[in-house]
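J.: Pasting a predicted model and its sequence here:
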Amino acid sequence: MSERARQLEGEVDQAYAIQVAAGSKAAAKYGALGLGAVTLAHYAWPFFRQQTLPFKSFLVSMSAIFGLVIGADHALLSHEAERRRSENAIRRQATLDLSRRGMVPTETAIAKWRAERTQQSSSANGGGGTS
């Protein structure tokens with residue numbers, strides 16, 4: 001598997017974990033709100049009190065499912081927007097740097113610039129010498 005494929009797989013796993021965490025939290029929150037609303041309706045309205053338990057359970061589970069979907073979607077959209085902002089910042093920096101060197105900032109040139117930058121940062125952090 002190539003380095004880029006591994007990186008993309010890691011990003012997908014990270015996005016999935018973010019979605020699961022946010023969806024679970026929102027499902028619990030909205031499920032509790034649904035349970036509270038059904039309980040309040042049960043004690044406040046005689047017509048609702050006559051409804052069956054499966055119907056009331058359906059209302060509670062639908063509110064929890066709604067929270068799950070909305071929470072997970074919101075978290076994923078926020079994560080994607082943040083990734084897009086950081087990617088655009090890196091591309092802007094690469095474009096500026098390549099333009100200053102007198103090069104046309106094509107996709108290939110930006111990819112090479114990124115590889116050079118990664119290599120420079122790893123050699124600066126790693127030391128690179130054997131003793």
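T.: Alright, I've got the coordinates.
J.: This protein: helices as residue ranges?
T.: Secondary structure of the chain (DSSP state H): helices at 3-44, 46-49, 53-100, 107-126.
J.: In JSON lines: those, plus mean neighbour count.
T.: (Glycine included, C-beta is placed from N, CA and C.) JSON lines is the format used below for those (neighbours: other Cβ atoms under 10 Å):
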{"stretch": "helix 3-44", "mean neighbour count": "14"}
{"stretch": "helix 46-49", "mean neighbour count": "10"}
{"stretch": "helix 53-100", "mean neighbour count": "14"}
{"stretch": "helix 107-126", "mean neighbour count": "12"}
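J.: would TSV of these with mean pLDDT be doable?
T.: Formatted as TSV, the helices of the chain follow (pLDDT from 0 to 100):
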stretch	mean pLDDT
helix 3-44	94
helix 46-49	94
helix 53-100	95
helix 107-126	85
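J.: Give the closest residue to Leu68 in space, chain neighbours not counted.
T.: Ala27 (3.8 Å; Cβ to Cβ, 6 or more residues apart in numbering).
J.: Would you mind confirming that that neighbour makes contact with Ile65?
T.: Yes. Counting by Cβ atoms under 8 Å, Ala27 does reach Ile65; the two are 7.2 Å apart.
J.: Against Arg114, how distant is Gln120?
T.: Using Cβ to Cβ, to the nearest Å, Gln120 is found at 11 Å from Arg114.
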